[in-house]
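Novice: show me how the following folds:
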Amino acid sequence: MIGYVTLGTNMFEKAAEFYDELFATIGAGRLMAGDTFIAWSTSPSTPAVSIIRPYDGKPATVGNGVMVAIGMNSTAKVDAFHAKALQLGGTDEGAPGPRGNNFYAGYFRDLDGNKLNAFCMTGE
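Specialist: Have a look, this model is predicted:
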């Protein structure tokens, strides 16, 4: 259902480096790129995450209550993805761990303060 999610950035080059390295850990690469946007995905037929300089020229701001969730297939991958985000300068918003029934997630913010998480369903 979801085709892509776009996050505004005020640090385009730094955000591009952050996401190039972070998404490489799950086999995702640049799907599309231009002067004002970059999109990453694992393939052209799967959802993507992109960054953009806002079209209206105003500063990008973080949406209160907005979060991008990146699906993983193991708790180890959630742990590694969260750790990589922090290593790259992201900030912790909740260490990886169980969150209710069969749900395991780690939360972080990127360099612009956008909130993301890595999650998996544990089946337990």
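Novice: what sits against Leu111?
Specialist: Thr9, Met11, Lys14, Ala15, Phe18, Gly89, Gly90 (CB atoms under 8 Å, 6 or more residues apart in numbering). C-beta here means a position set from N, CA and C on the backbone, and glycine is covered the same way.
Novice: can you tell me the SS state at Lys84?
Specialist: For Lys84, the assignment made with DSSP: H, G, I helix; E, B strand; the rest coil gives helix.
Novice: now the nearest residue to it once chain neighbours are set aside: how far from Met67?
Specialist: Spatial nearest neighbour of Lys84, excluding adjacent residues (CB to CB, 6 or more residues apart in numbering): Thr25 at 5.2 Å. Thr25 is 19 Å from Met67, where distance means CB to CB, to the nearest Å.
Novice: and if you look at Ala28?
Specialist: 18 Å.
Novice: what does Tyr4 give?
Specialist: For Tyr4, the distance to Met67 - CB to CB - is 15 Å.
Novice: name the nearest of the contacts of Leu111 relative to Pro54.
Specialist: Thr9 (8.7 Å; CB to CB).
Novice: show the contacting residues for that closest one.
Specialist: Thr9 neighbours (CB under 8 Å, 6+ apart): Ala15, Ile51, Ile52, Arg53, Ala60, Leu111, Asp112.
Novice: so what's it scoring on pLDDT?
Specialist: pLDDT for Thr9: 96.
Novice: which residue sits closest to it, ignoring its sequence neighbours?
Specialist: Nearest residue to Thr9, sequence neighbours excluded (CB to CB, 6+ apart): Ala15, at 4.2 Å.
Novice: in this structure that neighbour contacts Asp110, no?
Specialist: Yes. Counting by CB atoms under 8 Å, Ala15 does reach Asp110; the two are 6.9 Å apart.
Novice: any common contacting residues for those two?
Specialist: Common neighbours of Ala15 and Asp110 (criterion: CB under 8 Å, 6+ apart): Leu7.
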